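Q: Sequence first, then the predicted structure, then my questions.
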Amino acid sequence: MVLFRKGLPLWIYVVIAVLPIVLVVGNFSIGIIQIQYYKEFIRELNESVVYGMENDSFRAECKGVSTRVTPGNADLIFQKISSRDYINYRNEEMGEEFIFLDFGNDTKMWLYQNSELSLIIRYVPSNAKEKIFITKRPARLVTYENLVSTEWGNFLWNEN
């Protein structure tokens, strides 16, 4: 049983009562901001993929090979990326192996393998600061390597 001293100032009771409410509202607000940040990323990525498909300017570089990504594969890349859950990633350390995507509208994206089951996405829009995310669900770089390869119907970049 907790005994309260007589004469304890009222403001201490108020702080004890209000502190949990402030913490819950603060965490809720941070979550809402993160969701909006992620939605903005997906919207911008969609616009870039559509631009690349419409202008035949979606280019990928993987293991030294530059390919023109077909609209079908570009759509699959977008679907795979947008179907994963991501969280903000602040660590500057990226993997050595990566896939580079250029949409033709000065927006660029890098996909890095972070661990056996997670990817890091570094997205740099033409008119804003870069966004870096890490997957919360399993994802592998080899899936995207296949989608940008010539074996999946993409053409080498210098071919027409």
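A: Structure received.
Q: Okay, buried residues for the worst-scoring helix or strand of the chain on mean pLDDT please.
A: For the chain, the helix or strand with the lowest mean confidence is strand 86-88, at a mean of 75 (criterion: mean pLDDT, DSSP states H and E). Applying a neighbour-count criterion of 16 or more other CB atoms under 10 Å, the buried positions in strand 86-88 are Tyr86. Where C-beta positions appear, they are placed from N, C-alpha and C, glycine not excepted.
Q: Just give the closest residue to the spatially most central residue of the chain, not the sequence neighbours.
A: Per CA atoms, centre = their mean, the C-alpha nearest to the average position across the chain is that of Phe133, at 3.8 Å. The shortest distance from Phe133 to any non-neighbouring residue, by CB to CB, 6 or more residues apart in numbering, is to Tyr86 (3.6 Å).
Q: Now do the strands in the chain.
A: For the chain, the strands defined by DSSP state E cover 59-62, 65-68, 86-88, 98-102, 108-115, 118-124, 131-135, 155-156.
Q: how far does the least confident helix or strand of the chain sit from the chain's center?
A: Taking CA atoms, centre = their mean, to the nearest Å, one finds strand 86-88 lying 6 Å from the centre of the chain it belongs to.
Q: ditto for stretch 33-50
A: For stretch 33-50, the distance to the chain centre is 8 Å (CA atoms, centre = their mean).
Q: neighbouring contacts of it?
A: With contact meaning CB atoms under 8 Å, 6 or more residues apart in numbering, stretch 33-50 is reached by 58, 74-75, 77-78, 81-82, 86-88, 103, 105, 107, 109, 123, 125, 128, 131, 133.
Q: try 7 Å
A: By CB atoms under 7 Å, 6 or more residues apart in numbering, the surrounding residues in contact with stretch 33-50 are 74, 78, 81-82, 86, 88, 103, 105, 107, 123, 125, 131, 133.
Q: export these to JSON lines and tack on distance to Thr143?
A: Shown next, in JSON lines, are the contacts of stretch 33-50 (distance: CB to CB, whole Å):
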{"residue": "Ala74", "distance to Thr143": "14"}
{"residue": "Phe78", "distance to Thr143": "13"}
{"residue": "Ile81", "distance to Thr143": "10"}
{"residue": "Ser82", "distance to Thr143": "14"}
{"residue": "Tyr86", "distance to Thr143": "15"}
{"residue": "Asn88", "distance to Thr143": "22"}
{"residue": "Phe103", "distance to Thr143": "19"}
{"residue": "Asn105", "distance to Thr143": "24"}
{"residue": "Thr107", "distance to Thr143": "21"}
{"residue": "Tyr123", "distance to Thr143": "18"}
{"residue": "Pro125", "distance to Thr143": "23"}
{"residue": "Lys131", "distance to Thr143": "21"}
{"residue": "Phe133", "distance to Thr143": "16"}
